[in-house]
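>>> dropping a prediction and its sequence here:
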Amino acid sequence: MSKKSKILIIDDEKNTREGLQRLLASHYDVSLADNARTGLDMVLEQDFDIVLTDLRMPELDGLNFIKRVTAIQNPPVCIMLTAYGSVENAVDAMKAGAYDFLTKPINLDNLEIVIRRALESGRLKKENKHLKRELASQFAFEKIIGKSVVMQEVFDTLKQIAPARSTVLLSGESGTGKELAAGALHQLSDRADKPFIAVHCAALTRSLLESELFGHEKGAFTGATERRIGRFEAADGGTLFLDEIAEIEPSVQVALLRILETRAFERVGGTNPIEVNVRLVAATNRTLEDLVKEGSFREDLYFRLDVLNIHMPPLRDRREDIPLLLNYYLDLFNRENNRKIEGFSPQAIDLLTAYKWPGNVRELRNAVERMIVMTREKIVTANDVPRKIRDESPTPLSPDSNLAIASDSLDIDSHEKFLIMRALDEYDGNRTAAAKKLGISRRTIIRKIEKYEL
């Protein structure tokens, strides 16, 4: 049996606090205080999940109580209750740190909805703090995030080979973080104070790529009005990262092979050899062995590149890293877009974890940015998840399904619980609307909620 959430009710009116206790006691562990000073002492001594506090009380009012409570470590979520409802009071309460503001007489359905949301908000804040501690410790490595076994192996390999001068070939699908891995190799090496230069080979034509890599002399071709330093020369002493190396043409492959063998090259249109001390890190999202067999990639160059190899795993093979990545990008896009989204609902996390992510971390990053900008709630819900992801995620039964469908399953209770949770989530905790959606009575859904401790 799951532990009940703890709620503290602070109100100097006996009938109000005891009435609320009777209404909430079946679902929550409820404590009472008849003034804010007593309530503050209780909060400091016990761990409450929610505090419902009146606004106007003698000695210490609700606003100042909330200000003091929110200043402590791991504070409970505070909800203001008052008979003096006004926009000004609501603004003051929210500025003081209140999660929400309800006016008396309290509407029970509204109170239940606010409490459910407040509990979720508190859970998300605790979870985010935990994830941030993980990110600050062993699960963030040179801007690469992962706690999975496969990523820990990648981190170990990066640390082991970073000090070497040997060429490294990074393989893996697009969006798996190959450039971040190249940057990590550079930062962990004794070249960290020298240049890190990245070139995306597929974005350049053969002639432009030659000039980009090796530079050119004045007059080497039409438009070459002055000498230009190439990326190899610019990266001298540091690291040169060649992304999508499978896309370079045969003539450039020959020149690249020569540099790897001699550590020297000539600028386009030049004759004087230029020696460089550059560590080369190459990346590909294609299988170079297959290209060698096809004859489109030189075998000798492949062997020169494949001295040390690191495979960056696709996101679908390390799904346990997705919550960490979601939290990382949540913080990033909250800052960038001046938003205060608190986290992701369990249903949203389930959808995002189940999706195959063909675009890998890059696709997830873009999806999170969209959700953070577009959501109208304090948390990202399943409805905020892009339709493509919702449609392609292998999720359980839809809330549109009737409860009778669950009878075909061997695990009737789990399906019934899931359907009720989804319906309540869809209607923001409104039991009447959820019961109507499921085709059952309000009394039945209340009984089911108590059964499953929802």
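Received the coordinates, thanks.
>>> tell me, what residue is most central in this protein?
L326 (1.1 Å; C-alpha atoms, centre = their mean).
>>> looking at it, that one is touching M371, isn't it?
No. Between L326 and M371 there is no contact under C-beta atoms under 8 Å: 9.4 Å. (Glycine included, C-beta is placed from N, CA and C.)
>>> what count of nearby residues applies to Q46?
Residues near Q46, counting by other C-beta atoms under 10 Å, number 11.
>>> check L44 too.
L44 is flanked by 10 other residues according to other C-beta under 10 Å.
>>> cool, and Y328?
Y328 has 20 neighbours, counted by other C-beta under 10 Å.
>>> and C78, helix, strand or coil?
Per DSSP: H, G, I helix; E, B strand; the rest coil, the secondary structure class of C78 is strand.
>>> what separation is there between it and L20?
C78 sits 15 Å away from L20, going by C-beta to C-beta, to the nearest Å.
>>> one more: E212?
Distance, E212 to L20, using C-beta to C-beta: 70 Å.
>>> could you do V380 as well?
Going from V380 to L20 by C-beta to C-beta gives 31 Å.
>>> neighbour count for the two, which is higher?
Taking neighbours as other C-beta under 10 Å, V380 and L20 compare with V380 leading, 25 against 20.
>>> got the phi and psi for the more buried one?
As for V380, its main-chain torsions (degrees, to the nearest 10) stand at phi -80, psi 120.
>>> please name the bridge partners of it.
Here V380 sits in beta bridges with F344, going by DSSP bridges.
>>> wait, doesn't it sit right on P346?
No. Assessed by C-beta under 8 Å, V380 is found out of contact with P346, at 11.1 Å.
>>> would you map the helices across the stretch 201-350 of the chain?
Remark: helices assigned in the stretch 201-350 of the chain by DSSP state H, counting those that start in this stretch are 206-214, 231-234, 250-262, 288-294, 299-305, 322-337, 346-354.
>>> check the stretch 1-150 of the chain too.
Applying DSSP H, counting those that start in this stretch to the stretch 1-150 of the chain gives helices spanning 14-24, 36-45, 62-69, 87-96, 108-136, 149-161.
>>> hey, which of the ones you listed is tucked in deepest?
helix 62-69 (a mean of 21; mean count of other C-beta atoms under 10 Å).
>>> report all helices and strands that it contacts.
helix 36-45, strand 50-54, strand 77-82, helix 87-96 (3 or more C-beta pairs under 8 Å, 6 or more residues apart in numbering; DSSP states H and E).
>>> by how many degrees do it and strand 77-82 diverge?
Per axes from the mean of the first three to the mean of the last three C-alpha atoms, to 10 degrees, the angle that helix 62-69 makes with strand 77-82 is 170 degrees.
>>> run through the stretch 151-300 of the chain and note the low-pLDDT ranges.
Judged against pLDDT under 70, the stretch 151-300 of the chain has no low-scoring part.
>>> make it 90
Scanning the stretch 151-300 of the chain for pLDDT under 90 picks out the ranges 202-212, 214-229, 249-252, 255, 265-273.
>>> what does the stretch 301-450 of the chain give?
Applying pLDDT under 90 to the stretch 301-450 of the chain flags the ranges 323-324, 327-328, 331, 340-350, 354, 376-379, 381-383, 390-450.
>>> mind listing what the nearest residue to the residue nearest to the centre of the chain once chain neighbours are set aside touches?
Distances taken as C-beta to C-beta, 6 or more residues apart in numbering place F344 nearest to L326, at 5.8 Å, with adjacent residues excluded. The contact partners of F344, taken as C-beta atoms under 8 Å, 6 or more residues apart in numbering, are 124, 326, 330, 352, 379-380.
>>> most widely separated two among those residues?
Greatest spatial distance among these (C-beta to C-beta): L124 and L352, at 14.5 Å.
>>> isn't I161 up against V281?
No. Taking contacts as C-beta under 8 Å, I161 lies outside contact range of V281: 10.3 Å.
>>> joint contacts of the two?
Joint contacts of I161 and V281 (C-beta under 8 Å, 6+ apart) are 168, 185.
>>> circling back to that earlier point, for A181, which of the helices of the stretch 1-150 of the chain is the nearest?
Between the helices of the stretch 1-150 of the chain, helix 149-161 lies closest to A181; by C-beta to C-beta that is 6.3 Å.
>>> can you list contacts of the following helix or strand past that closest one?
The element immediately downstream of helix 149-161 (helix or strand, assigned by DSSP states H and E) is strand 168-171. With C-beta under 8 Å, 6+ apart as the test, strand 168-171 has contacts from 161, 178, 181-182, 185, 279-285, 287-288, 305-312.
>>> in its sheet, what does strand 168-171 sit against?
Strand 168-171 has the following strand partners under DSSP bridges: strand 279-284 (parallel), strand 308-311 (parallel).
>>> could you check how far V114 is from M80?
On the measure of C-beta to C-beta, V114 and M80 end up 10 Å apart.
>>> could you find the closest non-adjacent residue to A33?
G39 is the one closest to A33 (C-beta to C-beta, 6+ apart), at 3.8 Å.
>>> may I ask you to confirm that the one you found is in contact with T53?
Yes. Assessed by C-beta under 8 Å, G39 is found in contact with T53 at 6.7 Å.
>>> anything in contact with each of those two?
Contact with both G39 and T53 is made by residues 10, 65, according to C-beta under 8 Å, 6+ apart.
>>> mutual contacts of V114 and M80, please.
Contacts common to V114 and M80, judged by C-beta under 8 Å, 6+ apart, are 100, 102.
>>> residue contacts, T53?
By C-beta under 8 Å, 6+ apart, the contact set of T53 is 9-11, 36, 39, 62, 65-66, 78-81.
>>> quick revisit: a markdown table please, covering the helices and strands packed on helix 62-69 and showing distance to F232 and mean pLDDT.
Listed next are the helices and strands packed on helix 62-69 as a markdown table, based on distance: least, C-beta to C-beta, whole Å; pLDDT from 0 to 100:
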| stretch | distance to F232 | mean pLDDT |
| --- | --- | --- |
| helix 36-45 | 64 | 91 |
| strand 50-54 | 62 | 92 |
| strand 77-82 | 57 | 87 |
| helix 87-96 | 58 | 73 |
